[in-house]
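In: sharing a model prediction with you, sequence too.
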2 protein chains.
Amino acid sequence: MVRKTKEDAELTRLRIIDAAREVFLARGVSRSTMEHIATQAGVTRGAVYWHFENKTELFQAMREQVFLPLIDRMDDTLLVEGSADPLTRIEHFLSGTIQVLDECITTRQTYEIMMIKCEYVDEFAEVLQKLLSNCSGIVENITLVYERAAAKGLLRDGLTPAEYSMDTHMFFTGLLHMWVKETDGSPIRQQARQLIKSHMALRRK
Amino acid sequence: MVRKTKEDAELTRLRIIDAAREVFLARGVSRSTMEHIATQAGVTRGAVYWHFENKTELFQAMREQVFLPLIDRMDDTLLVEGSADPLTRIEHFLSGTIQVLDECITTRQTYEIMMIKCEYVDEFAEVLQKLLSNCSGIVENITLVYERAAAKGLLRDGLTPAEYSMDTHMFFTGLLHMWVKETDGSPIRQQARQLIKSHMALRRK
DNA sequence: CTATTTACATACATTCTTGTTTGTATATAA
DNA sequence: TTATATACAAACAAGAATGTATGTAAATAG
């Protein structure tokens, strides 16, 4: 049988994306060939080229599968005024992200690929720009929340909300990198929650 | 003329490393070929293969040219008891590193290559391990200095020296990443000194 | 002064990848 | 029911890129 129903085809598409993630992770994006990915997915290159124009498109599909949902989550956790105070909401946002990495293999693998198995040149340079503008958004949001915390008198004096926000952003960027690069030796994955707690404790009044 | 004097040969070697850095930066490590590098250096692949067995060795040479001196600098700035108090020494270490990036193109390019133009798979996985163990060393050293600061009563209460050290390390890892990825839009390179100041201000008693 | 390295350049063989083209069985539309 | 579009597989052509082998002129050792 050759021609599949639409649902079958969509399944094939998803299996190709899964395969791409595995192959990217194991061999790096550059060294991964369409053939590797096809084999891993149990199809031929014909199928891969049918669903994706080239490796870059496939990479983008893999990326969006993980990052689009994550962006949505952010706004909810961070900005929606809930029961918790602003500083606790930031803390939950950070440790929530870590929790997703802990629990979701797909997300974890995608992060690892994007951080240490991908070269941001040529077509991929745009991806980096997207990531950066995404970061700017996060910093802005966190700044907002720090401002609310300051307004409520919860924020320690000394730095401006924007400065606290940048410091937090740097911290979390670094944490994510260490988390992803984690080897069996260093137990950062166990410590992450505690590190976030410590970080936030520093800015409570 | 073909055969060069030993000094000439060494110059050729250095020019090849320079060329490799430029090509790696422009095309990413994976997409850079020995031919690209040779052309950029004004020699043929023969010369490149004479000096380096393969691209990985060339990459390592480029890396060590920048990182070996940097490691030396760290111990001096950080550990040698000078006129400054421990917390200020940490601050100087951090902003000193940023200053090197500011002033030295070679260092800046090498950092950029290693952070966003290299895939850490196969042979390069070891490089990542080296980098990580290097990081562990830095964290240990910074912890030591925070302990001295605590002993002198300069360190704010709340976190342990180890926790402060980890937080600082995350912060600086993140800062370096943002610094390197800096686009024309965001002015992190101007802010870096101030961000470091803010970060350290948070831990002074 | 001669023999031997050295420091490359040039040429060659082989392997990988890619993109495209063609073929084809079957859903699906009309 | 038939025509067409779909979802692939299989085959093809062409260009990179690598590593190695060979050539060679000059530096250096003895």
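Out: Okay, I see it. This structure is a prediction, so every number in the text was calculated from the model and none was measured.

In: residues in contact with stretch A:68-83?
Out: With contacts defined as C-beta atoms under 8 Å, 6 or more residues apart in numbering or on different chains, stretch A:68-83 is touched by A:89-90, A:92-93, A:96-97, A:100, A:107, A:134, A:138, A:141-142, A:144-145. For every residue, glycine as well, the C-beta is placed using N, CA and C.

In: let's go with 10 Å and repeat that
Out: Contact with stretch A:68-83 is made by A:84, A:86, A:88-90, A:92-94, A:96-97, A:100, A:107, A:110-111, A:134, A:137-138, A:141-142, A:144-145, A:148, as judged by C-beta atoms under 10 Å, 6 or more residues apart in numbering or on different chains.

In: domain map for chain A?
Out: For chain A, automatic domain parsing gives the domain ranges A:1-52, A:57-201.

In: check which element follows the longest helix along chain A along the chain.
Out: Counting residues, the longest helix found in chain A (DSSP state H) is helix A:123-151. Using DSSP states H and E, the next helix or strand after helix A:123-151 towards the C-terminus is helix A:161-181.

In: angle of that next one against helix B:123-151?
Out: On the basis of axes from the mean of the first three to the mean of the last three C-alpha atoms, to 10 degrees, helix A:161-181 is oriented at 130 degrees to helix B:123-151.

In: ok so, going back, buried set for the longest helix of chain A?
Out: A:124, A:127-128, A:132, A:135, A:138-139, A:141-143, A:145-150 (16 or more other C-beta atoms under 10 Å in any protein chain shown).

In: same check on stretch A:45-53?
Out: Buried residues in stretch A:45-53, counted by 16+ other C-beta under 10 Å: A:47-48, A:51-52.

In: let me see the contact set for the most centrally placed residue in chain A.
Out: Central residue of chain A (C-alpha atoms, centre = their mean): A:Tyr111, 5.3 Å from the mean position. Shown in contact with A:Tyr111 (C-beta under 10 Å, 6+ apart): A:66-67, A:70, A:97, A:100-101, A:104, A:176-177, A:179-180.

In: now mean pLDDT and distance to B:Gln191 too, for the domains of chain A, in a markdown table please.
Out: Shown next, in a markdown table, are the domains of chain A (pLDDT from 0 to 100; distance: least, C-beta to C-beta, whole Å):
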| stretch | mean pLDDT | distance to B:Gln191 |
| --- | --- | --- |
| domain A:1-52 | 94 | 31 |
| domain A:57-201 | 94 | 7 |
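
In: is A:Gly174 in contact with B:Asp167, as I believe?
Out: Yes. Look at A:Gly174 against B:Asp167 with C-beta atoms under 10 Å: they come within range, at 9.1 Å.

In: joint contacts of those two?
Out: A:Leu195.

In: buried ones in stretch A:30-44?
Out: A:30, A:32, A:34, A:36-38, A:40-41, A:43.

In: show me those residues that map onto helices.
Out: Going by DSSP H, the helices hold A:34, A:36-38, A:40-41 from these.

In: just to revisit the earlier point, B:Pro187 is nearest to which of the domains of chain A?
Out: Minimum separation from B:Pro187 across these (C-beta to C-beta) falls at domain A:57-201, 11.3 Å.

In: ok, is the closest one in contact with DNA strand C or not?
Out: No. Interface with DNA strand C: domain A:57-201 contributes nothing (C-beta under 7 Å from any atom of the strand), its closest point being 9.9 Å away.

In: from one end of that domain to the other, what's the distance?
Out: 42 Å (C-alpha to C-alpha, to the nearest Å).

In: that domain near DNA strand D anywhere?
Out: No. Domain A:57-201 is not in contact with DNA strand D by C-beta under 7 Å from any atom of the strand; minimum separation 12.1 Å.

In: helix, strand, or coil at A:Ile71?
Out: With DSSP: H, G, I helix; E, B strand; the rest coil as the basis, A:Ile71 sits in helix.

In: any idea how far B:Ala19 is from it?
Out: 40 Å (C-beta to C-beta, to the nearest Å).

In: ok, those two, which is more surrounded?
Out: B:Ala19 (22 against 11; other C-beta atoms under 10 Å in any protein chain shown).

In: what comes up buried for the host helix or strand of the more buried one?
Out: Assigned by DSSP H and E, B:Ala19 belongs to helix B:6-27. For helix B:6-27, the neighbour count (16+ other C-beta under 10 Å) marks B:12-13, B:15-27 as buried.

In: doesn't A:Arg193 make contact with A:Ser95?
Out: Yes. Contact criterion C-beta under 10 Å: A:Ser95 and A:Arg193 qualify, at 5.4 Å.

In: roughly how far is stretch A:126-133 from the heart of the chain?
Out: 12 Å (C-alpha atoms, centre = their mean, to the nearest Å).

In: now do stretch A:76-87
Out: Relative to the chain's own centre, stretch A:76-87 is displaced by 21 Å; criterion: C-alpha atoms, centre = their mean.

In: and the end-to-end length of that stretch?
Out: Stretch A:76-87 end-to-end distance (C-alpha to C-alpha) = 15 Å.

In: buried ones in it?
Out: Quick answer for stretch A:76-87 (16+ other C-beta under 10 Å): A:77-78, A:85-87.

In: next one: stretch A:52-59
Out: In stretch A:52-59, residues buried by neighbour count (16+ other C-beta under 10 Å) are A:52, A:55, A:58-59.
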